[in-house]
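Undergrad: Provided below are the primary sequence and the corresponding predicted coordinates.
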Amino acid sequence: MTDTGNAVLMSGTDVARAITDRTAQRAAQFAEKTGRKPCLATVLVGDDPASETYVRMKRNRCAKVGIESKHVPLPASTTTAQLVELITDLSNDPAVNGILLQHPVPAHIDERAAFEAIAPGKDVDGVTMHSFADMAFGGKGFASCTPAGIMRILDAYDVDPRGKHAVVIGRSPILGKPMGMLLLARDATVTYCHSKTQDLPSIVRTADIVVAAVGRPEFVRGEWIKPGAVVLDAGYNEGNVGDVAFDEAAVRAGLITPVPGGVGPTTIAVLLEQTVDAAFEQRA
Ligand SMILES: Nc1nc2c(c(=O)[nH]1)N[C@@H](CN(C=O)c1ccc(C(=O)N[C@@H](CCC(=O)O)C(=O)O)cc1)CN2
């Protein structure tokens with residue numbers, strides 16, 4: 001473990017490697033049994049450079065672990081109806097085990113309608129209402145990948161959320177909201193904060209666990225962090241800058257994730273793991 005100021009660095013890269021190694025073994029077992037690799041369909045609408053990078057990273061990682069990726073690039077002019085039809089076709093295609101629709105889609109598209117066209121058994125990115133409800137009620141659906149990756153980091157560093165005050169900053173459907181649910185399921189006391197929250201710094205100062213998922217570079221300042229707190233930065237802003245002012249926060253935190261090399265790599269590792277899970281479940 002690396003020491004950064006007072007805080008111990010939680011390496012998402014290491015946690016992701018452990019998940020990915022096991023996923024590669026399971027993908028090989030699947031291929032041996034069925035004569036074909038698990039298959040993830042990746043759908044990218046438009047040409048946002050960051051999204052192109054993330055999808056490329058996911059596909060490269062698929063290739064490394066023995067998952068086939070079927071890439072479907074669509075023009076920015078794609079309509080909601082066309083996207084829903086395409087995703088419905090992928091949901092019905094027996095050769096496809098998992099479906100990823102890269103977020104965000106262009107503003108004229110109803111992203112929720114597109115997500116809901118993903119069959120629950122293929123929702124390896126954990127973005128549908130079905131998956132969310134399953135997660136909230138302790139069912140067997142797939143978890144949203146970034147929150148699930150954060151839970152894996154906490155487990156790897158022996159952080160037990162039980163009885164801790166966890167503050168989640170951000171309430172997006174694929175990050176903040178499911179994050180709070182997963183922490184609640186592990187008996188944390190969860191506070192959701194967002195753009196309308198009053199006196200955010202004083203709430204964060206009471207947190208044992210802070211998850212920053214706001215999408216604003218270095219928004220969370222070091223002086224907000226309770227000494228010894230566990231800080232997880234789910235920010236992926238331009239230039240690989242997180243949502244937490246890392247140098248300031250590391251002076252006070254007990255454990256902290258960096259950007260890059262923190263939450264991001266575990267997001268992709270969980271996506272691949274869930275794709276192999278889906279492949280096995282569809283075969284059963
Ligand atoms: N359908 C989804 N869309 C989006 C998700 C998601 O989970 N599902 N998450 C984010 C972006 N994202 C994946 O899509 C993502 C962002 C960053 C990383 C990552 O590993 N970053 C690296 C640094 C990247 C680099 O070196 O260039 C890191 O943090 O170390 C992975 C995934 C929004 N959209």
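TA: Cool, got the structure. Residues are numbered from 1 along each chain as shown.
Undergrad: How about the secondary structure of the residue of the chain with the smallest separation from the ligand?
TA: At 2.4 Å from the ligand, G264 is the closest residue in the chain, using CB to the nearest ligand atom. Glycine gets a C-beta too; all of them are placed from N, C-alpha and C. Here G264 is recorded as helix under DSSP: H, G, I helix; E, B strand; the rest coil.
Undergrad: For the residue nearest to it when sequence neighbours are not counted, report the pLDDT, please.
TA: Nearest non-adjacent residue to G264, counting by CB to CB, 6 or more residues apart in numbering: Y236, 6.1 Å away. On the pLDDT scale, Y236 is placed at 91.
Undergrad: Just give the number of residues close to Y236.
TA: By other CB atoms under 10 Å, the residues close to Y236 number 20.
Undergrad: what does the stretch 101-250 of the chain have sitting close to the ligand?
TA: 101-103, 125, 127, 145-146, 174, 236, 240 (CB under 6 Å from any ligand atom).
Undergrad: Out of these, which end up buried?
TA: 101-103, 125, 127, 145-146, 174, 236 (16 or more other CB atoms under 10 Å).
Undergrad: quick check, nearest of those residues to V84?
TA: Distance to V84 across those (CB to CB) is lowest for L101, with 10.5 Å.
Undergrad: which ones are touching the closest residue to that closest one other than its chain neighbours?
TA: Spatially, and ignoring its direct neighbours in sequence, L101 is nearest to V43 (4.7 Å; CB to CB, 6+ apart). Counting by CB atoms under 8 Å, 6 or more residues apart in numbering, V43 makes contact with 72, 74, 83, 86-87, 90, 99-102.
Undergrad: For V43, give me the pLDDT.
TA: Reported pLDDT for V43: 98.
Undergrad: What segments of the stretch 51-200 of the chain are strands?
TA: In the stretch 51-200 of the chain, the strands defined using DSSP state E, counting those that start in this stretch lie at 68-74, 98-101, 165-169, 189-193.
Undergrad: which residues touch stretch 61-73?
TA: 20, 23-24, 27-28, 31, 36-44, 55, 58-59, 86, 90, 95-96, 268-269, 272, 275-276.
Undergrad: change it to 6 Å
TA: Applying CB atoms under 6 Å, 6 or more residues apart in numbering, the external contacts of stretch 61-73 come out as 20, 23-24, 27-28, 37-44, 59, 268, 272, 275.
Undergrad: re earlier: and the strands of the stretch 51-200 of the chain, which is most packed in?
TA: Mean neighbour count (mean count of other CB atoms under 10 Å) peaks for strand 98-101 among those, with a mean of 28.
Undergrad: partners of that one, with directions?
TA: strand 39-45 (parallel) (DSSP bridges).
Undergrad: Can you get me the start-to-end distance on stretch 225-244?
TA: Start-to-end span of stretch 225-244 (CA to CA, to the nearest Å) is 10 Å.
Undergrad: For that stretch, which residues meet the burial criterion?
TA: 225-226, 229-237, 241-244.
Undergrad: and those residues, which of them are in strands?
TA: If you go by DSSP state E, the buried residues of stretch 225-244 have 230-233 in strands.
Undergrad: Any chance of those in a markdown table with distance to I150 and pLDDT as columns?
TA: Output for those, formatted as a markdown table (distance: CB to CB, whole Å; pLDDT from 0 to 100):
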| residue | distance to I150 | pLDDT |
| --- | --- | --- |
| V230 | 10 | 98 |
| V231 | 11 | 98 |
| L232 | 5 | 98 |
| D233 | 10 | 98 |
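Undergrad: Including distance to E116, could the residues you listed go into TSV?
TA: Compiled in TSV, those are given as follows (distance: CB to CB, whole Å):
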residue	distance to E116
V230	34
V231	33
L232	28
D233	30
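Undergrad: gap between the most far-flung residue of the chain relative to its centre and E281?
TA: The C-alpha centroid of the chain is most remote from G35, which lies 29.9 Å away (CA atoms, centre = their mean). Distance of G35 to E281, computed by CB to CB, to the nearest Å: 18 Å.
Undergrad: and what of K140?
TA: From K140 to E281 the distance is 9 Å (CB to CB).
Undergrad: Please enumerate residues in contact with the helix or strand harbouring D247?
TA: According to DSSP states H and E, D247 maps onto helix 246-252. By CB under 6 Å, 6+ apart, the surrounding residues in contact with helix 246-252 are 4-7, 221-222, 225, 227, 231, 256.
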